[in-house]
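> Predicted coordinates and the sequence they were generated for:
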Amino acid sequence: MLRFIAKRLASAVLVMFTISVLVFLIFFATPGVNPASRIAGRSASPAVLRQVAKEFGLNRPLPIRYALMMFHLFIKQDLTSYVNIGDKIIPQITAAAPITLSLIFGAVVIWLFVGISGGVIAAKNKGKFIDPLVMFFGIAAISIPVYWLGQMVLLVTQGGLHRSIFAWIPNGGYVSLTQSPWQWALHLLFPWLTLASLYAGIYARVLRGELINNMNEDYIRTARAKGLSERRILYRHALRCSLISIVSLFGLDVGVLVGGAALLTEVVFGLQGVGWLTYQGLQNLDLPLIMGCVMYGAFFVVLASAVVDVLYAYIDPRIRVVA
Amino acid sequence: MIALGVLLFMVIVTLLAPIYAHDIAHDNPFASNLQGRIKIGNHYRSVMQSNTQGLGLGVTPIGPTWHFSKYFLGADELGRDVFARILYGGRVTLLIGFSSGLICIAVATVLGMLAGYFGRATDWIISRALDIVWAFPIYLLAISLSVILVTSGLDLGIIHIGAGSLLLPILIIASVYVPYVARPVRGIVFSLKERDFIQAAIASGASDWHILRKEIWPNVAPSVIVFFPLMVALNILTESALSILGIGVQPPQASWGTIINDGLQLLYTRPWVAIAPGICIVIVCVALNILGDGVRDAFDPRAKLRGSI
């Protein structure tokens, strides 16, 4: 197990390195405009351009430029914005991170809970009314733009009904967990539900398929022959095996979630997390800000999926041997 | 079949956009119309109406008139006809979805077949390149590429693509999804290569090109076709996400994504500006996903027999 963890972490480091090189090439070596004027913004003075060129070593060879970018991003952490002059970027990202993490954490809890229980209920009631329902949510999940779903949720909860049945919902914004756990959950409830609803359907659909497949396996027949109750067979035997595919799916989705869906959810609900910061960067074409958010976001995704993989290997020993 | 019908209907309706704008609505959905007045029944109403609530300052665009010939779904912040814009936006969204799907699948199939068939160094280079793109969170990669390219365009010596060109979102969306198709294709070709009929073709001295075209491609094609509708749906969602962030389709062009974004400021006063294009996206994507399931059942009947998903 320890060997597996070490191997998985080593490959994560390698992946982070290649991602950072790719980001570097995209931001500093794409043919077209001079990177200095790109970073400094459209109406930068020659003095600012010279400063940017010096900061990122733009007249020096590529490897040095790469090293300088990484130095400003991770070691000295003094990357500054040229749009909001003097704003340090890394502190902004670390200040915004708890909001993003809260959003993801709650959504993951809801989506795994709803997805897994939905999948089990659907597999138990195979061929009944619940099947088309799970099918429907599974397809809806991969067909609805999350941003639009968020808008619709806002329209219902903050629009005309806000004065009557949804009066208990705060007017948006964010309260930190340490300040008041209850308010924290209340403020994040609908962003969580928006994000989770997209994934719960897919997970229920996949788990249902896996469970039905597994229930036809030999080991289930053996368990039945031993005289175990159906209940025990479903929860202790079939579900345990079926959860493996859910965990591997989860490893892939964390990346999509952090990079895409969570970003859009933050924007539409006005939660000032890392995704919202990225959005601000895009609105002002603040390239250092975007670069910082992309890099920290991507590194977080790589680490998170490494952790999921370790978990995966813990549940399913076969993975440890193969990898 | 219903799914295919719905899809064709949407395509035809969006293709009729200019006819609607010129001959039925008589307006230009790309020019602002802040002073305009329209005739409904016997009275005239202005497109931008003065606010009566609050301080009475500012203007609100006209809401849905539900008169098919005039501002059916109302106007946006610049007094433009939302219904006509959705028709035009649909063309752009569908164009991006289908063409980036085609490009992505074509490139990915070629790469996957080359890597799987030739193995060794070719496979190593292609697979590593795919791994890098695969490891990069899709949207972060698309955002990085878009923000650079959409601001300054792409200049590759002989080829120059302008900053506002639709080719940019098409190419960006196509390239970020290449590994998702190329990796399975490589796997299929890899296992095909061990099969007797390929070995027989190699032994009989057939050229690589002949084997790839006549023996391997017919066996890869069904899987690739199954991917296509799903990829188009994914591309449409990606396009709308990028457009919402302001780095997809650039004005004066509109897509369903940009219209959803326009609708955010008007969400509580004129919700239809946001609701309608979203419904269009959902309809098209549901149709594509159901079509994808249907195509899979047709090409791979065993999947249905297994009763999974």
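Ah, there it is. Being a predicted model, the structure only gives us computed values, none of them experimental. Numbering: from 1, shown residues only, chains lettered A, B, ... in the order given.

> from here on, contacts and neighbour counts on C-alpha atoms
Will do.

> ok, now which ones touch A:Gly138?
Residues in contact with A:Gly138 (C-alpha atoms under 8 Å, 6 or more residues apart in numbering or on different chains) are A:200-205.

> go on, A:Pro191?
When contacts are counted by C-alpha under 8 Å, 6+ apart, A:Pro191 is found next to A:103, A:107, A:150, A:265-266, A:269.

> In which helix or strand does it reside?
Using DSSP states H and E, A:Pro191 maps to helix A:181-214.

> circling back to that earlier point, counting neighbours, which of the contacts of A:Gly138 comes out on top?
Most neighbours among these, by other C-alpha atoms under 10 Å in any protein chain shown: A:Ala204, with 30 neighbours.

> hang on, that one packs against A:Phe113?
No. With contacts counted by C-alpha atoms under 8 Å, A:Ala204 stays clear of A:Phe113, the gap being 9.7 Å.

> So B:Ser243 sits against B:Gly257, correct?
Yes. With contacts counted by C-alpha under 8 Å, B:Ser243 reaches B:Gly257, the gap being 5.2 Å.

> thinking again about what came up before, taking the contacts of A:Pro191 one by one, which sit in helices?
Among these, the members found in helices (DSSP state H) are A:103, A:107, A:150, A:265-266, A:269.

> Keep these, but drop any that are not near chain B.
Checked against chain B using C-alpha under 8 Å from any C-alpha of the partner chain, the ones in helices among the contacts of A:Pro191 give no members in range.

> Filter those down to the buried ones, ChimeraX style.
This is the ChimeraX syntax for the buried subset of the ones in helices among the contacts of A:Pro191, where burial follows 16 or more other C-alpha atoms under 10 Å in any protein chain shown:
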select /A:103,107,150,265,266,269
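
> and which of the ones in helices among the contacts of A:Pro191 is nearest A:Val52?
Closest approach between the ones in helices among the contacts of A:Pro191 and A:Val52, by C-alpha to C-alpha: A:Glu266, at 30.7 Å.

> which residues are in contact with stretch B:183-198?
If you take C-alpha under 8 Å, 6+ apart as the criterion, stretch B:183-198 is touched by B:108-109, B:111-117, B:127, B:130, B:199, B:211, B:215-216, B:220, B:223-224.

> Show me how far that stretch is from its chain's centre.
Centroid separation for stretch B:183-198 versus its chain: 30 Å, with C-alpha atoms, centre = their mean, to the nearest Å.

> do the same with stretch B:148-157
The chain centre lies 21 Å from the centre of stretch B:148-157; the measure is C-alpha atoms, centre = their mean.

> average pLDDT across it?
Mean pLDDT, computed over stretch B:148-157, is 72.

> Pull out the buried positions in it.
Applying a neighbour-count criterion of 16+ other C-alpha under 10 Å, one finds B:148-155 buried in stretch B:148-157.

> Go through the residues you listed and flag which are in helices.
Members of these lying in helices (criterion: DSSP H): B:148-152.

> just checking: which of those residues also lie near chain A?
Residues of these in contact with chain A (C-alpha under 8 Å from any C-alpha): B:148, B:152.

> So, low pLDDT: which residues of the stretch 1-150 of chain B?
Applying pLDDT under 70 to the stretch 1-150 of chain B picks out residues B:24-26, B:33-59, B:63, B:65-72, B:79.

> Chain A contacts on that one?
Residues of the stretch 1-150 of chain B found near chain A (C-alpha under 8 Å from any C-alpha) are B:132, B:135-140, B:144-145, B:147-148.

> Scan these and report the most crowded one.
Neighbour-wise, the residues of the stretch 1-150 of chain B next to chain A (other C-alpha under 10 Å) top out at B:Phe136, 28 neighbours.

> Give me the distance between that residue and B:Val13.
Using C-alpha to C-alpha, to the nearest Å, one obtains 37 Å as the distance from B:Phe136 to B:Val13.

> follow-up on the earlier one: show me just the buried residues among the contacts of stretch B:183-198.
B:108-109, B:111-117, B:127, B:130, B:211, B:215-216, B:220, B:223-224.

> So which of these belong to helices?
Checked against DSSP H, the buried ones among the contacts of stretch B:183-198 include these in helices: B:108-109, B:111-117, B:127, B:130, B:220, B:223-224.

> who in the stretch 201-309 of chain B is up against chain A?
For the stretch 201-309 of chain B, the residues in contact with chain A (C-alpha under 8 Å from any C-alpha) are B:233-234, B:237, B:240-241, B:245-247, B:260, B:264, B:267-268, B:271, B:274-275, B:278, B:281-283, B:285-286, B:289-290, B:306-309.

> What segments of the stretch 151-300 of chain B are helices?
Secondary structure of the stretch 151-300 of chain B by DSSP state H, counting those that start in this stretch: the helices cover B:167-176, B:178-193, B:196-203, B:208-210, B:217-244, B:256-265, B:272-299.

> Could you identify which of these is most buried?
Comparing these by mean neighbour count (mean count of other C-alpha atoms under 10 Å in any protein chain shown), helix B:256-265 ranks first with a mean of 25.

> Give me the angle between it and helix B:272-299.
Counting by axes from the mean of the first three to the mean of the last three C-alpha atoms, to 10 degrees, helix B:256-265 points 150 degrees away from the direction of helix B:272-299.

> Just list the residues touching the residue lying closest to B:Met10 once chain neighbours are set aside, thanks.
In this structure, B:Met10 finds its nearest non-sequential neighbour in B:Val284, 7.5 Å apart by C-alpha to C-alpha, 6 or more residues apart in numbering or on different chains. Neighbour list for B:Val284: B:6-7, B:10, B:233 [criterion: C-alpha under 8 Å, 6+ apart].

> Ok, B:Ile143 next?
Applying C-alpha under 8 Å, 6+ apart to B:Ile143 gives the contacts B:242, B:247.

> and it, how far is that from B:Leu230?
Per C-alpha to C-alpha, B:Ile143 is found 22 Å from B:Leu230.

> And A:Val310, how far from chain B?
Taking C-alpha to the nearest C-alpha, to the nearest Å as the measure, A:Val310 falls 17 Å from chain B.

> can you give me phi and psi for B:Ala254?
Backbone torsions of B:Ala254, given as degrees, to the nearest 10, read phi -130, psi 150.

> element containing the closest residue to it other than its chain neighbours?
Spatially, and ignoring its direct neighbours in sequence, B:Ala254 is nearest to B:Gly89 (4.9 Å; C-alpha to C-alpha, 6+ apart). Element membership of B:Gly89 [criterion: DSSP H and E] is helix B:82-118.

> buried sites along that helix?
Burial within helix B:82-118, assessed by neighbour count using 16+ other C-alpha under 10 Å, is assigned to B:82-117.

> residues near the residue of the stretch 201-323 of chain A found nearest chain B, how many?
For the stretch 201-323 of chain A and chain B, the shortest gap (C-alpha to the nearest C-alpha) falls at A:Gly209, measuring 4.2 Å. Around A:Gly209 there are 20 other residues, counting by other C-alpha under 10 Å.
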